[in-house]
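Student: Can you look at this prediction? I've put the sequence above it.
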Amino acid sequence: MLPKAHRLRRSRDFREAFARGRSFNLPPLRVVVRGTGTGTARIGFVASKKVGGAVERNRVKRRLRDACRQLVGTWRPGFDVVFVARALLREMPFEAVLATVAELGERAGLADAGRGSGGSVRRSEPGEAPPCGGCVSA
């Protein structure tokens, strides 16, 4: 389970992320990233009925949550991240889900592209430009 500080829970936060964030896609998954300037990365998950019934949707979100739990320590702080699950994610093995989440994190600028999971976490300095090319809203 993700620590409470890393959870995106309020519907207002989800709306802000979708309205002002940048979107990155890989076929089974979409991620929306919005810079917040806070000290943590907060993560939320969305799975529509196109993914399947309640059991399937919750299973997909649990797998995404577990993948993010393993990777959130390597991501830069200060972002709201919303993962939107697609139906293809149901059939993927967990290792492929983990790789997809890691790839999207790199594309979105949450993790340094050249660094493996064993590297040190790079902290952004106050006033530093956001990694995703200006996704911080004014």
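Tutor: Sure thing, it's come through.
Student: following the helix or strand hosting Arg57, which helix or strand shows up next?
Tutor: Per DSSP states H and E: Arg57 is located in helix 54-71. Per DSSP H and E, the first helix or strand lying C-terminal to helix 54-71 is strand 79-85.
Student: Where does Val33 sit: helix, strand or coil?
Tutor: Three-state assignment for Val33 (DSSP: H, G, I helix; E, B strand; the rest coil): strand.
Student: returning to that earlier point: mind giving me the packing neighbours of the helix holding Arg57?
Tutor: strand 41-47, strand 79-85, helix 94-107 (3 or more C-beta pairs under 8 Å, 6 or more residues apart in numbering; DSSP states H and E). C-beta coordinates here come from the backbone N, C-alpha and C atoms, glycine included.
Student: Taking strand 79-85 as reference, get the angle to the helix or strand where Arg15 lies.
Tutor: For Arg15, the host element (DSSP H and E) is helix 11-20. Direction vectors for helix 11-20 and strand 79-85, defined by axes from the mean of the first three to the mean of the last three C-alpha atoms, to 10 degrees, enclose an angle of 90 degrees.
Student: Walk me through which strands the helix or strand following helix 11-20 pairs with, and which way each runs.
Tutor: Reading on from helix 11-20 to the C-terminus, the next helix or strand found by DSSP H and E is strand 22-26. For strand 22-26, the pairing partners within the sheet under DSSP bridges are strand 29-35 (antiparallel).
Student: Not counting its own residues, what contacts the partner strand?
Tutor: The set of residues external to strand 29-35 that reach it, using C-beta atoms under 8 Å, 6 or more residues apart in numbering, is 16-18, 20-25, 64, 78-86, 89, 100-101, 104-105, 108-110, 130, 132, 135-137.
Student: All set now, cheers.
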